[in-house]
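Asks: have a look; sequence and predicted model below, questions after that.
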Amino acid sequence: MSVSSEEFTTASGTSEMMSTPFSRRSLLLGAGGLGAASLIGINGMEAAAAAKPTVRWANWSLYLDYDNKTKKYPTIENFIKKSGYPTKYFEVIDDNDSFTSKVQPQLKLKKDIGYDVVTMTEWMAARWAASGFVQKFDDAAVPNKKNVVPFLANRPFDVGRHISLPYQGIIAGVAWSKKSLPKGIQSLDQLFAKANKGKIEVLSEMRDTIGLVMLWQGTDISKPFTEAKFMNAIDYVTKMIHDGFIRQIKGQSYQEDLISGDATAVIGWSGDINQLNLQNGNQFGFAIPESGGTFATDNLMIPSTSPNKAGAQALINYIYDPMVSAKISNYVTYINCVEGAQAAMEKVNPKQVHNTLIFPDDKMWKNLKIFRDLTPAEQIKFSTAFQKASGNG
């Protein structure tokens, strides 16, 4: 498969090549026939449209509560009623690199990219910030930012959360078909067992697949590590592909292969597996490996070219209401990042209050690591090595 590349300018002015891997959430399994660019229109909002400009939110697929009966998103509908801002919701982010590559030329030219809120994974959010592609919040207009969970309140790329707020947390671990592997998987040793040869798939997100392998090999990915440690994990993945253990490196489409039975064991995302189980009768298991899993966040940001900063801030502030956040988490089942949402979940769905894949306990947090920041040179070298291992280099 060919891979396109774009240059991305860092804060230091260094041009960095960005490869385009597979989609992370591009499939719309069981989403009521939604397309990749689902819209929430402005029905009945003509008067509001005259008074307030439309808010346009770019997000990933299957990442907001959806009502199959009304074919609408309750969170968006309620925001429109509460704020008076007409709102359009677009499921257009298939992958961090590919989405950024599409809008980067307009960002550089300081032209409207068509969105007032974007939802980028932290490592890419940091690049947008370094390149000056985001607007700073007017803190008084986003009072609910105080609700961000404490351990995410200060990230290296945004100390004090002045340009971003985490939307959902993402856990990468191991998943499996309960029918094929009734005993489950608790470690990468079990994932790469001979019995699974040819039935294993791993994620095209480098920090998750290589991160899990590095943790298994004894490297703390949240702390400084050498190039040799990273390449050791690359070598292992390459060998597993060459020896026929790993059948494919894929984005979100690994879900389809789990359903068909083409894959029985994967490195995947917790929220995806929760969604699959809701749609397919709880056929799949998920676990954080004994050696550790990876954690990252997708972040709400306002592009530098957005002409509707006020509306964007109103939407972000609304999402950070604990009750609203709890309702979203009850549907998407990713890690909640809003303080007070767990208490609000008592009213939304008491069965989810102690779901550790939404509200991790201390034991789970201790077994999760955030992949450390990479230098521009490391990003180029490591991404190139991973793409080569994936057969895209």
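Replies: Cool, the structure landed.
Asks: only C-alpha atoms from now on, for both contacts and neighbour counts.
Replies: OK.
Asks: what does the pLDDT read for the most centrally placed residue in the chain?
Replies: Taking CA atoms, centre = their mean, the centroid of the chain lies closest to D298, which sits 4.8 Å from it. At D298, the model reports a pLDDT of 96.
Asks: beta partners of it?
Replies: T121, Q168 (DSSP bridges).
Asks: since we're on K369, how many residues are nearby?
Replies: 21 (other CA atoms under 10 Å).
Asks: wait, isn't the residue nearest to the centre of the chain in contact with S164?
Replies: No: using CA atoms under 8 Å as the test, D298 is too far from S164 to be in contact (9.6 Å).
Asks: and V118, what element?
Replies: strand 118-121 (DSSP states H and E).
Asks: D243: neighbour count?
Replies: 12.
Asks: so if we follow the domain assignment, how does the chain break up?
Replies: Following automatic domain parsing, one finds the domains of the chain at 5-169+298-354, 170-295+372-390.
Asks: what number of residues lie near K110?
Replies: Quick note: K110 (other CA under 10 Å) scores 14 neighbours.
Asks: which one is it nearest to, not counting chain neighbours?
Replies: Of all residues not flanking K110 in the chain, T305 sits nearest, at 5.8 Å (CA to CA, 6 or more residues apart in numbering).
Asks: V338 and P322 touch, don't they?
Replies: Yes: if you go by CA under 8 Å, V338 and P322 touch, sitting 6.2 Å apart.
Asks: compare these two (neighbour count), which wins?
Replies: For V338 versus P322, neighbours defined as other CA under 10 Å are more numerous around V338 (27 against 23).
Asks: for W176, see how far away the residue lying closest to that one once chain neighbours are set aside is.
Replies: Take V338 and drop its neighbours on the chain: the residue closest to it by CA to CA, 6+ apart is V148, 4.8 Å away. In this view, V148 and W176 are 32 Å apart by CA to CA, to the nearest Å.
Asks: looking at the two, which has the bigger crowd around it?
Replies: W176 (26 against 21).
Asks: sec struct for the more buried one, please.
Replies: strand (DSSP: H, G, I helix; E, B strand; the rest coil).
Asks: strands along this protein, start to end?
Replies: Ranges of strands within the chain are 5-9, 15-19, 55-59, 87-91, 118-121, 154-155, 158-159, 165-177, 200-203, 246-250, 265-269, 284-287, 293-301, 368-369, based on DSSP state E.
Asks: just say which of those strands is most tucked in.
Replies: strand 265-269 (a mean of 29; mean count of other CA atoms under 10 Å).
Asks: quick check: mean pLDDT across that one?
Replies: 95.
Asks: CA atoms of it as PDB?
Replies: C-alpha atoms of strand 265-269 as PDB (Å, rounded to 0.1, in the frame of the first residue of the first chain):
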ATOM      1  CA  ALA A 265      -6.600 -12.000  18.800                       C
ATOM      2  CA  VAL A 266      -5.500  -8.300  18.400                       C
ATOM      3  CA  ILE A 267      -3.900  -5.300  19.900                       C
ATOM      4  CA  GLY A 268      -6.900  -3.000  20.000                       C
ATOM      5  CA  TRP A 269      -8.700  -0.100  21.700                       C
END
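Asks: what lines up beside that strand in the sheet?
Replies: strand 165-177 (antiparallel), strand 200-203 (parallel).
Asks: now render these as CSV, adding mean pLDDT.
Replies: Shown next, in CSV, are these (pLDDT from 0 to 100):
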stretch, mean pLDDT
strand 165-177, 96
strand 200-203, 96
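Asks: now render the ones you listed as CSV, adding distance to S270.
Replies: Shown next, in CSV, are the strands paired with strand 265-269 (distance: least, CA to CA, whole Å):
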stretch, distance to S270
strand 165-177, 6
strand 200-203, 12
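Asks: so which of these is nearest K52?
Replies: Shortest distance between K52 and the strands paired with strand 265-269, using CA to CA, is found for strand 165-177: 23.6 Å.
Asks: would you put the C-alpha positions of the closest one in CSV?
Replies: Extracted C-alpha coordinates of strand 165-177, given in CSV (Å, rounded to 0.1, in the frame of the first residue of the first chain):
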residue,chain,number,x,y,z
LEU,A,165,-9.3,19.9,26.7
PRO,A,166,-9.2,16.1,26.6
TYR,A,167,-12.4,14.7,25.1
GLN,A,168,-11.9,11.0,25.8
GLY,A,169,-9.1,8.8,27.0
ILE,A,170,-8.0,5.9,24.9
ILE,A,171,-6.6,2.6,26.3
ALA,A,172,-4.8,0.1,24.0
GLY,A,173,-4.5,-3.4,25.2
VAL,A,174,-5.2,-7.0,23.9
ALA,A,175,-8.6,-8.2,22.7
TRP,A,176,-9.8,-11.6,21.5
SER,A,177,-12.8,-13.7,20.3
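Asks: quick thing: my sequence starts at 198, can you match it?
Replies: That works, and once the first residue is 198, the last one we named lands at strand 362-374.
Asks: quick one: it to strand 490-498, angle?
Replies: 140 degrees (axes from the mean of the first three to the mean of the last three CA atoms, to 10 degrees).
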